[in-house]
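[1] no sequence on hand, only this structure:
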């Protein structure tokens, strides 16, 4: 009852019954006994995994990533970059320069000579001939157009006279004749339409109206009454059968199932829901309590490990290993590093000298095969000297050099 009062006094919680209070304490005790070892093992695995990740896996992954990146970079440079650079420098550029010189000698110079000495005079001659031919054709077309214009004027005048003197009177006579014929045909059509309409009314429409009013309407009403009575009879039969089936199914199936649901399944479900809820709450409570217990045990073990191993190791590192390391650094490592730097410096200088010699040899070989490259000719800019002044008569600008 005390537990029930406490749970009822908490804000946001519903009061529990006697069954929940009776189940809660034993379930929480059993669950706590079962969960504490699992939580301690879980916390130990988590701490071990974090330590392994921070001390081994992450540094190892970074080292492997850097080594793999360097290896891939070196391999890509050796397999792709250097061969293409060597091919471009020692094959494509020399061949391109040779082809450019050959093309200039074999194509550009003859093409310029042909354009200046042959095509330009020939083009001037063709242009002069085309201008003369164009002037002759213009005179010819002007004369032909004048003749065609005179002939067309005569033809138009002739057609105008034929239209006014002959076609206009004939057309007026034909239109009057057609108008009279149309009036006669219209009168005949109106009379025939009136006769046909009268015959159709008294031979078809009036008998059809009498048949519909005195025969078809009474017969249709009788048939509608018979159909309505038959439909009422069939509906009454089906309603009776449906009511009988409904009450039979209700008495034999629905009422027993409803009694089983209300008297058996609902109470059992409520008990099972209370048990499941209490087990879930007990698991959560036990997991939190086990976490506190595991934390206390872990702190005790960490402090014990620190007092047993870490502090002695720190004392040994500070008082013994640090002075020994400083002595080894000052007496052994620094002289060895100086000697290694001197060897690396001498090796670098030797490699630079060898690289310069190889570059000079390649330049001499290229000069022997293709000759020395032409030096760029100096461009006379014709700028005035410091003491001179610019006047209107002197060519001191780029636009007035000539």
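    Right, received. Where do you want to start? None of the values given here were measured: they were computed from a predicted structure.
[2] how about the helices in the stretch 251-400 of the chain?
    With DSSP state H, counting those that start in this stretch as the definition, the stretch 251-400 of the chain shows helices at residue ranges 255-260, 266-305, 311-316, 322-328, 334-370.
[3] list the helices and strands the third one packs on?
    The helices and strands touching helix 311-316, judged by 3 or more Cβ pairs under 8 Å, 6 or more residues apart in numbering; DSSP states H and E, number zero. C-beta: built from backbone N, CA, C; applies to glycine.
[4] sorry, back to before: and of the helices of the stretch 251-400 of the chain, who's closest to residue 77?
    Ranking the helices of the stretch 251-400 of the chain by proximity to residue 77 (Cβ to Cβ) places helix 334-370 first, at 17.3 Å.
[5] from residue 233, how far out is residue 246?
    With distances defined as Cβ to Cβ, to the nearest Å, the gap from residue 246 to residue 233 amounts to 21 Å.
[6] what's the answer for residue 130, then?
    When residue 130 is compared with residue 233 (using Cβ to Cβ), they lie 110 Å apart.
[7] repeat that for residue 37.
    Counting by Cβ to Cβ, the gap from residue 37 to residue 233 is 80 Å.
[8] repeat for residue 24
    Shown here: residue 24 relative to residue 233, a distance of 68 Å by Cβ to Cβ.
[9] neighbour count winner among the two?
    residue 24 (21 against 10; other Cβ atoms under 10 Å).
[10] isn't the more buried one right up against residue 278?
    Yes: using Cβ atoms under 8 Å, residue 24 and residue 278 qualify as a contacting pair, with a distance of 5.3 Å.
[11] which neighbours do the two share?
    Among the neighbours of residue 24, none is also in contact with residue 278 (Cβ atoms under 8 Å, 6 or more residues apart in numbering).
[12] centre of the chain versus the helix or strand residue 208 falls within, how much separation?
    Mapping residue 208 onto the secondary structure by DSSP states H and E places it in helix 206-211. Here helix 206-211 is found 77 Å from its chain centre; the criterion is Cα atoms, centre = their mean, to the nearest Å.
[13] for the stretch 101-250 of the chain, which segments count as helices?
    Ranges of helices within the stretch 101-250 of the chain are 109-114, 120-162, 168-200, 206-211, 217-249, based on DSSP H, counting those that start in this stretch.
[14] what would the ones you listed look like in CSV with mean pLDDT?
    CSV is the format used below for those (pLDDT from 0 to 100):
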stretch, mean pLDDT
helix 109-114, 86
helix 120-162, 77
helix 168-200, 76
helix 206-211, 81
helix 217-249, 88
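[15] possible to save the ones you listed as a markdown table with distance to residue 330?
    A markdown table is the format used below for these (distance: least, Cβ to Cβ, whole Å):
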| stretch | distance to residue 330 |
| --- | --- |
| helix 109-114 | 76 |
| helix 120-162 | 89 |
| helix 168-200 | 135 |
| helix 206-211 | 135 |
| helix 217-249 | 103 |
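[16] give me the number of residues near residue 235?
    Tallying neighbours of residue 235 according to other Cβ under 10 Å, which is how burial is gauged here, yields 10.
[17] show me what counts as buried in stretch 224-234.
    Taking 16 or more other Cβ atoms under 10 Å as the basis for neighbour counts, none of the residues of stretch 224-234 comes out buried.
[18] likewise for stretch 273-292?
    For stretch 273-292, using 16+ other Cβ under 10 Å, the buried residues are 274, 278, 279, 282, 283, 285, 286, 287, 289, 290, 291.
[19] show the model's pLDDT score for the fourth one.
    Residue 282 carries a pLDDT value of 79.
[20] contacts only, for it.
    By Cβ under 8 Å, 6+ apart, the neighbours of residue 282 are 24, 27, 28, 31, 32.
[21] show me what contacts residue 285?
    Contacts for residue 285 (Cβ under 8 Å, 6+ apart) come out as 28, 31, 32.
[22] nope, residue 291 is what I was after
    Contacts were defined as Cβ under 8 Å, 6+ apart; by that measure residue 291 touches 39, 43.
[23] ok, 10 Å please
    Residues in contact with residue 291 (Cβ atoms under 10 Å, 6 or more residues apart in numbering) are 35, 36, 39, 40, 42, 43.
[24] element containing the residue nearest the centre of the chain?
    Note on the chain: the residue nearest the mean C-alpha position is residue 69, at 30.5 Å, using Cα atoms, centre = their mean. With the criterion set as DSSP H and E, the secondary-structure element containing residue 69 is helix 58-76.
[25] next SSE downstream of that helix?
    Going down the chain from helix 58-76, the next helix or strand is helix 82-87, by DSSP H and E.
[26] what's the neighbour count on the closest residue to residue 47 other than its chain neighbours?
    Spatially, and ignoring its direct neighbours in sequence, residue 47 is nearest to residue 298 (6.9 Å; Cβ to Cβ, 6 or more residues apart in numbering). Using other Cβ under 10 Å, residue 298 is surrounded by 14 other residues.
[27] begin at 650, not 1, for the rest of this chat.
    Shifting the count to begin at 650 puts that one at residue 947.
[28] next one: residue 947 from residue 689, what distance?
    In this view, residue 947 and residue 689 are 8 Å apart by Cβ to Cβ.
[29] same deal with residue 772?
    104 Å.
[30] which one of the two is surrounded by more residues?
    Neighbour totals were compared for residue 772 and residue 689, and residue 689 leads with 17 against 11 (other Cβ under 10 Å).
[31] what's the distance between the more buried one and residue 941?
    11 Å.
[32] and what of residue 868?
    From residue 868 over to residue 941 the distance is 98 Å, taken as Cβ to Cβ.
[33] report the buried residues of stretch 686-703.
    Neighbour-count burial for stretch 686-703, with 16+ other Cβ under 10 Å as criterion, is recorded at 688, 689, 692.
[34] so for the last one, what's the pLDDT?
    Looking at residue 692, its pLDDT is 83.
[35] same question for the second one.
    Looking at residue 689, its pLDDT is 82.
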